[in-house]
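In: Model the structure of this input:
(one chain, ligands or ions: 4)
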Amino acid sequence: RARTQGMSQWVDYENGMERESNRRFTQSRDLYHALHNNEIRIALQPQVDLASGAVIGAEALARWTRADGSQVPPSEFIPIAEACGLIVPLGRQIIELACQALAALRDAGHSRLPIAVNVSPLQLVHRSFPQELAATLARHGVDPAMLEIEITESSAMEDHLANGEMLARLRSAGFPIAIDDFGTGYSSLGHLRQLPATTLKVDRCFVAEIGKTHNRLAIADMIVLLGQRLNMRVLAEGVETREQAEWLMQRQCPAAQGYLFGAPEALPAFLRRLEGRPAHTA
Ligand code: C2E
Ligand code: MG
Ligand code: MG
Ligand code: MG
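Out: Ligands and ions are numbered 1, 2, ... in the order given. Modelled structure (predicted):
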């Protein structure tokens, strides 16, 4: 009886494994087709100057809309893309779309508004990444200073020497560098200081606690201070309330992003948002 039970557990296990690998196969096949059918687009979320409320840039966020109109969130398809090797062509597509958006912004008179793109560490291992970026930008007549490279704190820290070297090359090629989701990645301050980053993005979990708990509030406070000391621009993510914005302003945090100012939107909506406002000239 024990043997039969063991056997049936084994069969369950095998079936489970098969289902799991089938699921992964289906997902990566779907993603492959999505990429080739232009189902992957970007949405732009405004980044604002907290003091004036002026839009100072945008973050490009990947969006997958299936043929039936349903949306697959990036928290689902980015890990799949990373696991099956599609992140490199997907990343290329995002950068291409960001450059198209930058060219459209320039043509609409907003040539000084940068766009940030999220980059996976798997894209950084390709030694030709900076040249590839430069070629894409050149094709659209866009300056590297307009394309900010966002890398999460946790991935900037894994294999920090190799990533650090690539980030340094990107920085010296003129790309601004942002450390994303800062405060969640347990990096040492020594490594952070060595990263050639220009912006520190305060993770939204710390912003969410503003007006609630004291402990986390202290963390947000500390990150803002840390960025200032390291001569980085600090940008708070996930700002949803006036209270949070005011608290951040009092702490001299210069920039923010979040639903309070605007959700990620398609390029035409982002352009309409800018209409009637003077092009930012910083
Ligand atoms: P992230 O780079 O930290 O992007 C910010 C996320 O917070 C976005 O989620 C955005 O829609 C959401 N968000 C913005 N404002 C608010 C707010 O006020 N409240 C709340 N609760 N959320 C807000 P999204 O678009 O679902 O993206 C999730 C993550 O997926 C991103 O986090 C990023 O790590 C990753 N991702 C998105 N696009 C790409 C991409 O093109 N490449 C790579 N490698 N990763 C990407
Ligand atoms: Mg980001
Ligand atoms: Mg983030
Ligand atoms: Mg994130």
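
In: how about the residues of the protein that lie near ligand 2?
Out: Within the chain, the positions near ligand 2 by CB under 5 Å from the ion are Asn118, Glu150, Asp180. Any C-beta I mention is one placed from the backbone N, CA and C, and that applies to glycine too.

In: The residue in the stretch 1-150 of the chain positioned nearest to ligand 3 sits in which helix or strand?
Out: In the stretch 1-150 of the chain, the residue that lies nearest ligand 3 is Glu150 (7.5 Å; CB to the ion). Secondary structure assignment for Glu150, by DSSP states H and E: strand 147-152.

In: Three-state assignment for Ala83, please.
Out: Judged by DSSP: H, G, I helix; E, B strand; the rest coil, the three-state class of Ala83 is helix.

In: ok, which stretches of the chain are helices?
Out: Counting by DSSP state H, the chain has helices at residues 2-36, 74-84, 87-107, 121-124, 129-140, 153-157, 160-172, 189-194, 204-208, 214-229, 242-250, 267-274.

In: relative to helix 267-274, how tilted is the third one?
Out: It refers to helix 87-107. 40 degrees (axes from the mean of the first three to the mean of the last three CA atoms, to 10 degrees).

In: again, but for the second one
Out: Here the directions of helix 74-84 and helix 267-274 differ by 130 degrees (the same axes, to 10 degrees).

In: Quick one, grab the pLDDT at Leu147.
Out: Looking at Leu147, its pLDDT reads 98.

In: related to what we said a few turns ago, for the residue of the stretch 1-150 of the chain closest to ligand 3, grab the count of nearby residues.
Out: 20 (other CB atoms under 10 Å).

In: If I look at the residue nearest the centre of the chain, what pLDDT would I see?
Out: By CA atoms, centre = their mean, the chain has its centre lying nearest to Asn118, at 3.3 Å. In the predicted model, Asn118 carries a pLDDT score of 98.

In: so where's the stretch 151-282 of the chain shaky on pLDDT?
Out: Residues of the stretch 151-282 of the chain meeting the criterion pLDDT under 70: 160-161, 213-217, 276-282.

In: hang on, the earlier thing: ok, residues contacting the strand holding Glu150?
Out: If you take CB atoms under 8 Å, 6 or more residues apart in numbering as the criterion, strand 147-152 is touched by 57, 59, 95, 98-99, 102, 114-119, 121, 124, 133, 137, 163, 167, 170, 175-181, 185, 198-199, 201.

In: show me which of those residues neighbour ligand 1.
Out: Counting by CB under 6 Å from any ligand atom, Asn118, Val119, Asp180, Asp181 from those sit close to ligand 1.

In: Out of those, who's the most crowded?
Out: Neighbour max across those (other CB under 10 Å) = Val119, 27 neighbours.

In: Quick check: that residue touching Leu90?
Out: No - in this structure Val119 lies outside contact range of Leu90 using CB atoms under 8 Å: 11.0 Å.

In: Counting neighbours, what do you get for His126?
Out: Neighbours around His126, by other CB under 10 Å: 13.

In: Model confidence at the residue lying closest to it once chain neighbours are set aside, what's the number?
Out: Closest residue in space to His126, ignoring its immediate chain neighbours: Val88 at 7.0 Å, by CB to CB, 6 or more residues apart in numbering. Per-residue pLDDT puts Val88 at 97.

In: mind checking how far Val88 is from Lys212?
Out: 40 Å (CB to CB, to the nearest Å).
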